[in-house]
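Asks: Show me the folded form of this:
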Amino acid sequence: MKKVALITGIAGQDGSYLTELLLNRGYDVHGVDRRSSLFNRSRIEKTRREAQKKGLVFELYYGDICDAGSLYRVISKSKPTEIYNFASQSHVAISFDEPEHTTDINANGVLRLLEAVRNFELKDCRIYQASTSELFGNALETPQTEKTPFHPRSPYGVAKLYAYWIVKNYREHYAMHANNGILYNHESPRRGENFVTRKITYSLAKIKAGDDHALELGNLDAQRDWGYAKDYVEMMWLMLQQEKADDYIIATGKLHTVREFVEKAAHVAGFDLVWEGDGTKEVGRDKLTGKIIIKVNPKFYRPIEPHLLVGDATKAKDKLGWQPKVSFENLVEIMMKADIERFL
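Replies: Down below sits the predicted model:
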C-alpha cells in the first residue's frame, strides 16, 4: 500500500526535515501551512521544487488546526496513512503573553485533529503528536523517563499536557494508532531566530559581519538537553512504523548551559570570548578587539525556570534502535557555520 503522510506545521523546522526524509523513503507528502501575510515556506521551498522535478507527490494546503473545517478538507483530499502534527504555538515565553491562543492551538487543536481522523474512520492511519519535555517542568526526578510524573510550569506546558493525555485517551478508547513523542530541545540551522540557540548563532554571525549591536541573553547558566532536529525526526518516523502505538522520550541525556553554547559558537565564529562581571552586569568580551559581544538582559529571563530537564531515551534505544548521531559540539558548529554563510 502506498504510504501517504500528512504533516501539519510543515513549514517549520521539524516539518521541513521530516518532509525530506519521507520523500526519500517514497512517500506521497501532503502538508498544511497556516496562511500569513508573509511568505513563510522558505524551509521547504527548495524541497518542493526538487520534488516537482522528480515527479514526486508533494502537495501543500493552507489550513489551520484551529479550524476543524480546514482539517476535514485536507484529510478528505489527502487520505493519509500517517499524520505528523507539528502545528503549535511553540515558544514557552510567548505562552505567558498569549495563554488562551496557546491553549487553542496546542490543546484543542490536537483534539480537532483526532476527531477528524475518527470521524473519517481512518482506522489504519497512524498519528504522531509532537509532545515536549516541558510536560515535566518542576521535575521530581532527573533524568526523566516515560514514567516520571508531570508538573508543567507554563501555559505552553499545560496545553501540551492536555494534548498528551487526549492522544492517550483516543488510543485506548478508540484503538487509534496515536503516539506521543516527548521531545527535548532540538535545534538546527532551521530553528526560528526567537529561540535562544538560533538567536546566539544568528547574532554572532551578524557581529562577525560587522554589526555593532551586542547579543543580549537571559540566564546564561540555564541548562538544557539539546539535540539535532534531523536526528529527532528519524525517531518520529520510527515510532509510526511499530505495530503498537506508544509514547517515547527523545533526548540526548546530556545537559549543557546557555553559556557553553555561547562559548562554543563564539569559538567557531572566531571570537576569543572572556567573561567579566557577574549577575545582570556580566558581559562577554572579545579578547582580541575588546568589543563587548554578549550582554545579560533580565527581560529575557523566564517567569518560571524549569528544573533540570534531561531525558532518558533508553526505551527508544531498546525498542526502536534509535540514538542521536550528532553531538552537542557538532550541533553548535553546524548551526554557527550555517549562519556565517548567510552573511558572506
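Asks: check contacts around Ile334.
Replies: Ser188, Pro189, Tyr228, Val326 (C-beta atoms under 8 Å, 6 or more residues apart in numbering). Heads up, the C-betas are built off the backbone N, CA and C, glycines and all.
Asks: where in the stretch 1-150 of the chain is pLDDT low?
Replies: 36-39 (pLDDT under 70).
Asks: What segments of it are strands?
Replies: Under the criterion DSSP state E, counting those that start in this stretch, the stretch 1-150 of the chain contains strands at 4-8, 28-33, 58-62, 82-85, 126-132.
Asks: show me the contacts for Ile65.
Replies: So Ile65 contacts Thr8, Val32, Leu71, Asn85, Ala87, Ile105, Gly109, Val110, Arg112, Leu113 (C-beta under 8 Å, 6+ apart).
Asks: try 10 Å
Replies: Ile65 is in contact with 8-9, 32, 34, 71, 85-88, 104-106, 108-113, 116, counting by C-beta atoms under 10 Å, 6 or more residues apart in numbering.
Asks: List the contacts of Glu100.
Replies: Pro155, Ala159.
Asks: how near is it to Cys66?
Replies: 11 Å (C-beta to C-beta, to the nearest Å).
Asks: repeat for Leu18
Replies: The gap separating Leu18 from Cys66 is 22 Å, by C-beta to C-beta.
Asks: cool, and Arg73?
Replies: 14 Å.
Asks: Please say which of Leu18 and Cys66 ends up with more neighbours.
Replies: Leu18 (28 against 15; other C-beta atoms under 10 Å).
Asks: Give me the spatial nearest neighbour of that one, chain neighbours excluded.
Replies: Nearest residue to Leu18 in three dimensions, chain neighbours excluded: Val233, at 4.4 Å (C-beta to C-beta, 6 or more residues apart in numbering).
Asks: what do you get for Tyr128?
Replies: Tyr84 is the one closest to Tyr128 (C-beta to C-beta, 6+ apart), at 4.6 Å.
Asks: how many other residues sit next to that neighbour?
Replies: Count around Tyr84 with other C-beta under 10 Å applied: 31.
Asks: my guess is it contacts Arg126, does it?
Replies: Yes - the pair Tyr84 and Arg126 qualifies as a contact (C-beta atoms under 10 Å) at a distance of 9.5 Å.
Asks: Need the residues touching each of the two.
Replies: Counting by C-beta under 10 Å, 6+ apart, the residues touching both Tyr84 and Arg126 are Ala5, Asn179, Met239, Leu240.
Asks: Wait, a helix at the second one?
Replies: What it means is Asn179. No - assigned with DSSP: H, G, I helix; E, B strand; the rest coil, Asn179 falls outside any helix and is strand.
Asks: list the contacts for Tyr27?
Replies: 2-5, 7, 18-19, 21, 56-58, 80-82, 237.
Asks: coming back round to it: any chance of CSV for the shared contacts of Tyr84 and Arg126, columns neighbour count?
Replies: As requested, those are exported to CSV (neighbours: other C-beta atoms under 10 Å):
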residue, neighbour count
Ala5, 26
Asn179, 23
Met239, 24
Leu240, 20
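Asks: so which of these comes closest to Thr148?
Replies: Here the nearest of these to Thr148, counting by C-beta to C-beta, is Asn179; it sits at 18.0 Å.
Asks: Identify the bridge partners of that closest one.
Replies: Judged by DSSP bridges, the bridge partners of Asn179 are Tyr128.
Asks: Renumber starting at 10 from here on
Replies: I'll keep to 10 as the first residue from here, and by that count the last item is Asn188.
Asks: In the longest helix anywhere in the chain, which of the residues would be classed as buried?
Replies: Taking DSSP state H as the criterion, the chain has its longest helix at helix 164-183. For helix 164-183, burial by neighbour count (16 or more other C-beta atoms under 10 Å) applies to 164-173, 175-177, 179-180.
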